[in-house]
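Enquirer: any chance you can model this:
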Amino acid sequence: MGDEKPEIQILDVRSHEIVKGLEAPLNAKTFPTLLLYDERGLRLYDKITTDAQEYYLFGAEEEILKTHACEIVQVMHSRVDGIFPGEVILELGAGALRKTSHILRALAGLVPTTSNIPPATYFALDLEERELQRTLIELAMSDVGAAITGKVEIKGMLGTYESGLDFITQGGLQQTAGNAGWSHSPSAFSGDSSPISSSSTGGDTLYTDATSPSTPGQPPLHLLFLGSSIGNFSRGEDADFLRSLPLRPGYGDTLLLGLDHDNSREEIETAYNDPKGRTRDFIVNGLNAAGTALGDKDLFDLRNWEYVNFYDENKRCHKAFYKCMHSHQVLFPGSKKEIHFVKDELVNSRDVSQERDAYMLFTEANLRPIQRWMDSTSRYSLWLLERPHSPAPTEVTIGHKFGVPTIRDWQDMWTAWDFIALRMIPPPMLFEKPIDLRHICLFYLGHIPTFLDIQLSRLLQEPHTEPEVFKRGIDPNVDDPTKCHTHSEVPKDHEDWPSLSSILSFAARVRMRVLKLYTDISTGKIQLTRRVARVLFMSLEHEGLHAETLLYMLLQRAGTGTIPPPDFTPPPWESLLGSWNAAPKPATPTIVIEATTVTLGIDDIEAEDTDLSKSLDVAGHVFGWDNESPSRQVSVDTFRISWRPITNGEFFEFYNGSGNGKTKFPASWIKNEDGEVQVRTLYGPVSMKVAWDWPVLTCYKNLSVYANVKGGRIPTEPELRTFLDKFESGYEGGANTGFRNWHPIPATMGGEKYGGKGHNGGVWEWTSTVSDNFEGFVPSQLYPGYSADFFDGDHQVVLGGSCITIPRIAERRSVRNWYQHNYPYAWVGARVAYDV
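Expert: Next up is the predicted model:
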């Protein structure tokens, strides 16, 4: 490119100055982290990354990018199949750009030919103009610059995170040369848009907006936030910041986020205080930067300070301090304000949070992982994330667990339901039965509001006037479908069913009744009693359970009718497979559980709802279905159990080997035109190779035969409950429930880390316990047939929850679901237990 230095455009979008924190009490004073990243600080940080091997974060992240950059950008663009003209890549806190160069080279690889107007623009956002100029010029004059010329344009953006992001959300890119495609309104970036909206179904109705937000011709935005910089935010502030990012659901926008792992104390303390003193120099320079910001570079005499650091294992947070060596005072230039420092006082310069339940961070930030890449030492990860259009009902209630649903819970549930019912079922399929043992799809769209309306009408003593056709679904005997519990009689001809528009109008009116009930409770017009709370709890979970039913029905038509989840990035199967194959396996396939006593169930006695002394006892009360109460103690003998459920691969080999002729072909499998066995997903069938380590979804009878041939059996309910209590990571620990994925994934239980805790891959689990009456069981007054109608000896208890079970159900350990032992369609797997 010659010796001529290229001109680099830098947009100055700074909007505020560094704030001061030195007026706080003793040992509560702080210097803002921003001070560390002045021009000299950025160069000192660059020395850390090159000279301090103990600072593993940079090396680990660079290793991931060197190895996987091409794969990362391919997955990043999987929704749009290559670079989309006008797309923007913005890096927050770009630094020296050494790691970024791998991403830029990979991006250029997606552009087949050069152009006078490159189709993509990369912006490096940082605080120091001269350093930004220097690094961008060096990049432009490097071999990377030559490789990306005419394919990816590079620019700078001067400012803080907040000012840069504000610039984007306020339409700043629209005026930037080379980004004419950026014509989005600020509202497109809202991460907190209301999940409900009024529709044309009636002036007093309410229904969620089920239309796609995607607008043809709109370029995506890709954000890079590397270096585990999110750790500089405190708990809560990290999620708030990520939630504020201008990622639009359905546009193909992504976030590539670097996150440190929960590594050992020694590793972390050494990483932030290396023997060469590179980190110390970087931190101490913050004092000079603070003085400069206040008008006197030497304001904070370095002889008065010492750098100290430690890792708080309880809070999983690394803390860096300036320790005052001598009592002294500092007079701010140009003012009479004086700050006193006491000997041994600690002034905080930087808190860095380690990986703190990354999945919960993403949930709180309304982000969904697409893929994850780890370094070879498993100390660091790069996550590719998107903002889902449909906020799955995941926040479940993790905050308030299993009490009265909030309005937000209802809104999330309605959004998820509408997403499934109105965006994944094409109109012709509404009158089809993906499963012969269930009604047509349209029935479930009417059944949900009908059930809710009936419960509200009984509670409020108001009339229920809608048709009875949707009152109750069916669960006929698999072997003899003529045997079935009492249920609604449904039309035989399509034209005799209520229209979709009338069903949606009815559903919207019922939702208005729910919101009015909450309003009446808040104003005191209606008292929140246990009975009121129970109706709300039961109706919400009823909707969640039927969302799962509808999805396993749609699974049977995936690839031949069912619409894959819109506005979600399709799973990058080959990339995911590489990660799954690289994941550690248990050192041994089973574990021995010693004899113990386990508590099953809870004490949510419905009869107490009318007890005047308890009817108002709502706060903190845990609600459950009738088969969850009362609690009871059960003795469990010593047994051995597999760490992970039976996989597709294991059952495939069994089905074609020693199990040939003894088991039925799983309904979760399908043969393609060439006779190849594939595994069904809502995105269409995938190869058995991809799903090899997923839990197999099939009936109890199949898995019981497998277990018996292997010398074991399916565990009892008390045995499985004992095992899950010890080793289930739960939703907050990354369990594959609540729409984290729309498909199972390999289980993680039995790993060396976290004492073997993990998840089962995202399935309910069969037990050998038959769903039946038990001592103390009382049928629900509100829903008498919920459990009792299925005490027929044909239904097995299942525990846990699947990838599409709402977490308030999957997380409540007392939940006892059930399916017929030979029912092949549900999201249920099993593990093998052995007598000891």
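Enquirer: hmm, residue 381 is touching residue 259, no?
Expert: Yes. The pair residue 381 / residue 259 is scored as a contact, 5.2 Å apart, by Cβ atoms under 8 Å. Where C-beta positions appear, they are placed from N, C-alpha and C, glycine not excepted.
Enquirer: those two: which is more packed in?
Expert: When residue 381 and residue 259 are compared for neighbours, residue 259 comes out ahead with 24 against 21, by other Cβ atoms under 10 Å.
Enquirer: distance of the more buried one relative to residue 375?
Expert: With distances taken as Cβ to Cβ, to the nearest Å, residue 259 is found 11 Å from residue 375.
Enquirer: go on, residue 672?
Expert: Noted for residue 672: a distance of 37 Å to residue 375, by Cβ to Cβ.
Enquirer: and those two? Which one has more around it.
Expert: When neighbours are counted by other Cβ under 10 Å, residue 375 comes out ahead of the other of residue 672 and residue 375, with 21 against 11.
Enquirer: excluding its backbone neighbours, what's nearest residue 343?
Expert: Distances taken as Cβ to Cβ, 6 or more residues apart in numbering put residue 327 closest to residue 343, at 4.6 Å, once the chain neighbours are dropped.
Enquirer: which residues touch the one you found?
Expert: Applying Cβ atoms under 8 Å, 6 or more residues apart in numbering to residue 327 gives the contacts 340-343.
Enquirer: just give me the closest of these to residue 359.
Expert: Distance to residue 359 across the contacts of residue 327 (Cβ to Cβ) is lowest for residue 341, with 41.3 Å.
Enquirer: so the closest one sits against residue 304, correct?
Expert: Yes. The pair residue 341 / residue 304 is scored as a contact, 7.4 Å apart, by Cβ under 8 Å.
Enquirer: so what sits against both of those two?
Expert: Shared contacts of residue 341 and residue 304 (Cβ under 8 Å, 6+ apart): 324, 328.
Enquirer: more neighbours: which of those two?
Expert: Taking other Cβ under 10 Å, residue 341 and residue 304 do not tie; residue 341 has more neighbours (21 against 17).
Enquirer: what about the helix ranked longest in the chain, average pLDDT?
Expert: Longest helix in the chain, counting residues (DSSP state H): helix 530-555. On average, the pLDDT along helix 530-555 is 96.
Enquirer: stretch 605-615 now?
Expert: The pLDDT scores in stretch 605-615 average 93.
Enquirer: from start to finish, how long is that stretch in a straight line?
Expert: 11 Å (Cα to Cα, to the nearest Å).
Enquirer: how about that stretch: buried residues?
Expert: Within stretch 605-615, the residues that qualify as buried by neighbour count (16 or more other Cβ atoms under 10 Å) are 606, 609.
Enquirer: contact partners of that stretch?
Expert: Looking at stretch 605-615 with Cβ under 8 Å, 6+ apart, the contacting residues turn out to be 529-531, 534, 617, 626, 629-630, 778, 780-782.
Enquirer: one more time with 7 Å, if that's ok
Expert: Applying Cβ atoms under 7 Å, 6 or more residues apart in numbering, the external contacts of stretch 605-615 come out as 529-531, 534, 626, 629-630, 778, 780-781.
Enquirer: show me where the stretch 201-350 of the chain has its strands.
Expert: In the stretch 201-350 of the chain, the strands defined using DSSP state E, counting those that start in this stretch lie at 221-225, 254-260, 305-312, 317-324, 328-331, 338-341, 346-353.
Enquirer: name the helices or strands packed onto the second one?
Expert: Looking back up the chat, that one is strand 254-260. Applying 3 or more Cβ pairs under 7 Å, 6 or more residues apart in numbering; DSSP states H and E, one finds that strand 254-260 contacts helix 56-76, strand 221-225, strand 380-386.
Enquirer: circling back: out of the strands of the stretch 201-350 of the chain, flag the one nearest residue 410.
Expert: strand 254-260 (28.5 Å).
Enquirer: neighbouring strands of the closest one in the sheet, and parallel or not?
Expert: Looking at strand 254-260 with DSSP bridges, its partner strands are strand 221-225 (parallel), strand 380-386 (antiparallel).
Enquirer: helices or strands next to the helix or strand where residue 455 lies in the packing?
Expert: Residue 455 is part of helix 441-460 when elements are defined by DSSP states H and E. Counting contacts by 3+ Cβ pairs under 7 Å, 6+ apart, helix 441-460 packs against helix 500-523, helix 530-555.
Enquirer: of those helices, flag the one that's most buried.
Expert: Mean neighbour count (mean count of other Cβ atoms under 10 Å) peaks for helix 530-555 among the helices and strands packed on helix 441-460, with a mean of 22.
Enquirer: quick one: that helix to helix 500-523, angle?
Expert: Per axes from the mean of the first three to the mean of the last three Cα atoms, to 10 degrees, the angle that helix 530-555 makes with helix 500-523 is 150 degrees.
Enquirer: packing partners for helix 530-555?
Expert: Using 3+ Cβ pairs under 7 Å, 6+ apart: helix 530-555 touches helix 407-423, helix 441-460, helix 807-810.
Enquirer: can you name the next helix or strand after the last one?
Expert: When you say that, I think you mean helix 807-810. Following helix 807-810 in sequence, per DSSP H and E, is strand 817-820.
Enquirer: partners of the next helix or strand after that next one, with directions?
Expert: Past strand 817-820, further along toward the C-terminus, the next helix or strand under DSSP H and E is strand 828-829. In the sheet, strand 828-829 lines up against strand 764-770 (parallel) (DSSP bridges).
Enquirer: return the distance of the strand it pairs with from the chain's centre.
Expert: Remark: strand 764-770 is offset 27 Å from the chain centroid, using Cα atoms, centre = their mean, to the nearest Å.
Enquirer: next: stretch 435-451.
Expert: From the chain centre to the centre of stretch 435-451 is a distance of 28 Å (Cα atoms, centre = their mean).
Enquirer: adjust the sequence numbering to begin at 379 for everything that follows.
Expert: Okay, using 379 as the starting number, the last item reads as stretch 813-829.
Enquirer: now that stretch: buried residues?
Expert: 813, 815-829.
Enquirer: between these, which is nearest residue 1078?
Expert: Closest to residue 1078, out of all of the buried residues of stretch 813-829 and judged by Cβ to Cβ, is residue 815, at 15.6 Å.
Enquirer: list the beta-bridge partners for residue 696.
Expert: On the basis of DSSP bridges, residue 696 is bridged to residue 689, residue 730.
Enquirer: are any of the contacts of residue 705 buried, and which?
Expert: Neighbour counting by 16+ other Cβ under 10 Å classes residue 719 among the contacts of residue 705 as buried.
Enquirer: report the two of the contacts of residue 705 separated the most.
Expert: Greatest spatial distance among the contacts of residue 705 (Cβ to Cβ): 718 and 721, at 11.1 Å.
Enquirer: rewinding a little: using a markdown table, lay out the strands paired with strand 632-638 together with distance to residue 950 and mean pLDDT.
Expert: Output for these, formatted as a markdown table (distance: least, Cβ to Cβ, whole Å; pLDDT from 0 to 100):
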| stretch | distance to residue 950 | mean pLDDT |
| --- | --- | --- |
| strand 599-603 | 15 | 96 |
| strand 758-764 | 9 | 96 |
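Enquirer: can I get these in a markdown table with distance to residue 453?
Expert: Listed next are the strands paired with strand 632-638 as a markdown table, based on distance: least, Cβ to Cβ, whole Å:
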| stretch | distance to residue 453 |
| --- | --- |
| strand 599-603 | 11 |
| strand 758-764 | 6 |
